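**Student:** no sequence for this one, just the structure:
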């Protein structure tokens, strides 16, 4: 019988071994093709050619991320293949005992790898092609692109990249398998089932001490990152990260011996049912897979942080977008003659607009940023380490701000002649301004002491933006601003306007002309790259704000989905393959349990607990680590006005149930059939 026929029979016979492996390969191929085909499908190419920078950014990002994803999937396939080879050591030993040479065994393995790889590539590509059609429509709709002319399309470039990556991965697997078989000795292969794994740490006391120390170190480093990450230095932050990683590895290395001895001391628990058997089995499995379990915890922690923060950003941006564009355009120009400046730049604003406001913005040394947070200055210096507190604060007259409120469709402010109000939607700054105002912080422009009209900041924006990062302005009575001794003078002008356009095409044309006239200056202003003597401009159109928000939302979602799903699948697949491999080795042990009177229900419970613990322990460590990571990320995102991550955590919970929980249930059912099914023929 030739090698190919033997390989086909082996695949058929070992279908249970290959099921999780084959299923994971199909998902990997499908996901890789789907995300790589985003930019090369006919529909999305049209969108990209239309000049949508967000689509181009998404395409570029997916291409770069795919390199990392290919590496992760490659490592997963090689690692999973190792379990399959380990499971079949005795089979290879029997081949050699019957006179088959190592080269022939290697050829059989090569044939098996090629067949499984080819089948998974074909099925995965088919699934990816159909899935990519839905994905491209979803992306197009997210970018508000017309899909009425949509036709079924296959991306040749994505297919070629997918096949090249996975063929390369399988070539590496072939080399790995060939070298592994060549290294084996016959006696080792025949005694593979009897071989016992060495205990990494033999002393129970040492295991217990290391386990406790690793937990303490993990908590201490996690608190430094999660609660003080923004205030500690770069090297302290890196050191804490290294401590967290080392602590996780030490924890898993010491867990096996410590857990078993701890269980043995609780005799009531240990001797109940099959608990003694389950504890020893789990400890043995954990001992042999400490490195992989630690890596899985780290990858799951990264995936949890990605999912939670990514979906939280998406929800925040979508919510923010609903109220962020009340007018067609806002232009902040750093001069007091805004109309003259626009005429000089060839912008016929009068011709384009049906309604507009010109709001003078004042500044002076009599009202600085430091003045607004004076009662909490010590805390302010901790939150904003590099802030220039001597910078003058923006000031707007009450009458002008109320005109702005009416144009934005908001309620007007009411303050007394000796009062002021602060408007800002920069939540991180507001955490300092609110207690300052609550304490009655007095501002003194000139000889006019002003007390707060409200106990907290009015959370509103002045200039349109997709982010809550508008530091706003201080609203002061007109008489105070106009007083000769106020120390305030007009330094810039805010223009708020609605176009007189009647169609989307006309609006787009005006936006284009505005961007061509002011866009370059606006970009240099934002990046603090203005030439000497050049007037700064801040341009925000309704269309641009919406496109930026939607684009950021889509890019964020696809990034976290791509990376996060691959990480979760990789982790769950490795655990599943390891458990299935160990389950096949445990058939004889369960046979003995059956002969000494263990019932089927008791054995099912033992299998369930073993599988659950293998999936649950790395997840618990990952959730614990992710908690500190998310605390740090929340602190960073709060600078953009986003403080609520509940929606992101909910999405993460759903995804983890579907993917991770799905692998758990599949693995449990597979182990149950392997072991309890075998019992029926004992």
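**Tutor:** The structure has been received and is ready for your questions. Worth saying up front: this structure is predicted, and the values here are computed from it rather than measured.
**Student:** And the strand or helix carrying residue 406, what does it pack against?
**Tutor:** Secondary structure assigned from DSSP states H and E places residue 406 in helix 398-408. Helix 398-408 is packed against strand 353-363, strand 473-476, strand 489-499, with contacts defined by 3 or more Cβ pairs under 8 Å, 6 or more residues apart in numbering; DSSP states H and E. Where you see a C-beta, it was placed from the backbone N, CA and C, and this is true even at glycine.
**Student:** and the first one, which residues are buried?
**Tutor:** Residues of strand 353-363 classed as buried by neighbour count (16 or more other Cβ atoms under 10 Å): 353, 356-363.
**Student:** is it possible to export those to TSV including pLDDT and distance to residue 159?
**Tutor:** Shown next, in TSV, are the buried residues of strand 353-363 (pLDDT from 0 to 100; distance: Cβ to Cβ, whole Å):
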residue	pLDDT	distance to residue 159
353	83	50
356	87	53
357	90	55
358	92	56
359	92	55
360	94	60
361	94	55
362	94	61
363	93	59
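**Student:** and which of the residues you listed is nearest residue 486?
**Tutor:** For the buried residues of strand 353-363, the residue nearest residue 486 by Cβ to Cβ is residue 362; the value is 8.3 Å.
**Student:** show me the contacts for that closest one.
**Tutor:** 394-397, 481, 488-491 (Cβ atoms under 8 Å, 6 or more residues apart in numbering).
**Student:** which one of those residues is nearest residue 674?
**Tutor:** Among those, and counting by Cβ to Cβ, the member closest to residue 674 is residue 394, at 70.1 Å.
**Student:** residue contacts, residue 79?
**Tutor:** With Cβ under 8 Å, 6+ apart, residue 79 has these contacts: 292, 574.
**Student:** In terms of helices and strands, where is the spatially most central residue of the chain?
**Tutor:** The C-alpha lying nearest the average C-alpha coordinate of the chain belongs to residue 306 (Cα atoms, centre = their mean; 1.7 Å). Using DSSP H and E, residue 306 maps to helix 290-321.
**Student:** Could I get the average pLDDT for that helix?
**Tutor:** Per-residue pLDDT over helix 290-321 has a mean of 80.
**Student:** again, but for stretch 592-600
**Tutor:** Stretch 592-600 comes out with an average pLDDT of 75.
**Student:** start at 215 instead
**Tutor:** Renumbered: residue one is now 215, and that last one reads stretch 806-814.
**Student:** buried ones in that stretch?
**Tutor:** 807-808, 812.
**Student:** sorry, back to before: continuing past the helix holding residue 620, what's the next helix or strand?
**Tutor:** Assigned by DSSP H and E, the successor of helix 612-622 is strand 633-637.
**Student:** contacts for that next one?
**Tutor:** 586, 615, 627, 629, 647, 651, 657, 664-668, 671-672, 674, 676, 686-691.
**Student:** re earlier: which among the contacts of residue 576 end up buried?
**Tutor:** Buried members of the contacts of residue 576, counted by 16+ other Cβ under 10 Å: 608-611, 695, 702, 705.
**Student:** of those, closest to residue 422?
**Tutor:** Using Cβ to Cβ, the buried ones among the contacts of residue 576 come closest to residue 422 at residue 608, 60.6 Å.
**Student:** ok, now which ones touch that closest one?
**Tutor:** 575-577, 685-688.
**Student:** circling back: residue 486 is nearest to which of the helices and strands packed on helix 612-622?
**Tutor:** Residue 486 lies closest to strand 687-690 among those, at 69.5 Å (Cβ to Cβ).
**Student:** so the helix holding residue 620 versus strand 633-637, what angle?
**Tutor:** 40 degrees (axes from the mean of the first three to the mean of the last three Cα atoms, to 10 degrees).
**Student:** Helix 612-622: which residues count as buried?
**Tutor:** 612, 614-619, 621-622.
**Student:** residue ranges with poor pLDDT in the stretch 215-364 of the chain?
**Tutor:** 215-218, 221-222, 224-233, 252-277, 296-313, 316, 350-364 (pLDDT under 70).
**Student:** Can you list the helices and strands that the host helix or strand of residue 557 packs against?
**Tutor:** Using DSSP H and E, residue 557 sits within helix 552-558. Under the contact criterion of 3+ Cβ pairs under 8 Å, 6+ apart, helix 552-558 touches strand 543-547, strand 703-713.
**Student:** quick one on the thing from earlier: sitting in helices, which of the buried residues of stretch 806-814 do you find?
**Tutor:** Mapping the buried residues of stretch 806-814 onto helices (DSSP state H) picks out 807-808.
**Student:** nearest to residue 461, of the buried residues of stretch 806-814?
**Tutor:** Relative to residue 461, the closest of those is residue 807; by Cβ to Cβ it sits at 36.4 Å.
**Student:** Please tell me I have it right and the closest one contacts residue 818.
**Tutor:** No. Taking contacts as Cβ atoms under 8 Å, residue 807 lies outside contact range of residue 818: 11.8 Å.
**Student:** next one: phi and psi at the residue of the chain positioned farthest from its centre?
**Tutor:** Farthest-out residue of the chain from its mean C-alpha position, per Cα atoms, centre = their mean: residue 698, at 54.1 Å. Main-chain torsions, residue 698, degrees, to the nearest 10: phi -60, psi -30.
**Student:** Can you tell me how far it is from residue 661?
**Tutor:** Distance, residue 698 to residue 661, using Cβ to Cβ, to the nearest Å: 10 Å.
**Student:** Tabulate the buried residues of strand 567-577 in TSV, adding columns for distance to residue 750.
**Tutor:** As requested, the buried residues of strand 567-577 are arranged in TSV below (distance: Cβ to Cβ, whole Å):
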residue	distance to residue 750
567	22
570	20
571	20
572	17
573	16
574	16
575	12
576	16
577	13
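**Student:** Relative to residue 433, which of those is nearest.
**Tutor:** Distance to residue 433 across the buried residues of strand 567-577 (Cβ to Cβ) is lowest for residue 577, with 47.3 Å.
**Student:** who does that closest one bridge with?
**Tutor:** For residue 577, the beta-bridge partners are residue 703 (DSSP bridges).
**Student:** wait, isn't it in contact with residue 702?
**Tutor:** Yes. Counting by Cβ under 8 Å, residue 577 touches residue 702, with 6.8 Å between them.
**Student:** what is the orientation angle of the host helix or strand of residue 820 with helix 504-535?
**Tutor:** Using DSSP H and E, residue 820 sits within helix 814-852. Computed by the same axes, to 10 degrees, the angle separating helix 814-852 from helix 504-535 equals 50 degrees.
**Student:** after helix 814-852, next one along is what?
**Tutor:** Next helix or strand after helix 814-852 toward the C-terminus (DSSP H and E): helix 860-893.
**Student:** Name the residues of that next one that come out as buried.
**Tutor:** Neighbour-count burial for helix 860-893, counted by 16+ other Cβ under 10 Å, picks out 861-863, 865-866, 869-870, 873-874, 877-878, 880-882, 884-886, 888-890, 892.
**Student:** thinking again about what came up before, state the pair within the contacts of residue 608 that is farthest apart.
**Tutor:** By the measure Cβ to Cβ, 576 and 685 form the most distant pair in the contacts of residue 608, at 15.0 Å.
**Student:** Which helix runs longest in the protein?
**Tutor:** Longest helix in the chain, counting by DSSP H: helix 756-799.
**Student:** Leaving out chain neighbours, which residue sits closest to residue 821?
**Tutor:** Spatial nearest neighbour of residue 821, excluding adjacent residues (Cβ to Cβ, 6 or more residues apart in numbering): residue 885 at 5.2 Å.
**Student:** For residue 681, give me the pLDDT.
**Tutor:** So, for residue 681, pLDDT stands at 64.
**Student:** do residue 730 as well
**Tutor:** Reported pLDDT for residue 730: 84.
**Student:** what helix or strand is it on?
**Tutor:** Assigning secondary structure by DSSP H and E places residue 730 in helix 718-740.
**Student:** Please point out which parts of that helix sit buried.
**Tutor:** 721, 724-725, 728-729, 731-733, 735-736, 739.
**Student:** One more: stretch 321-338?
**Tutor:** 321-327, 329-331, 334-335, 337-338.
**Student:** from those, which is closest to residue 247?
**Tutor:** residue 338 (7.3 Å).
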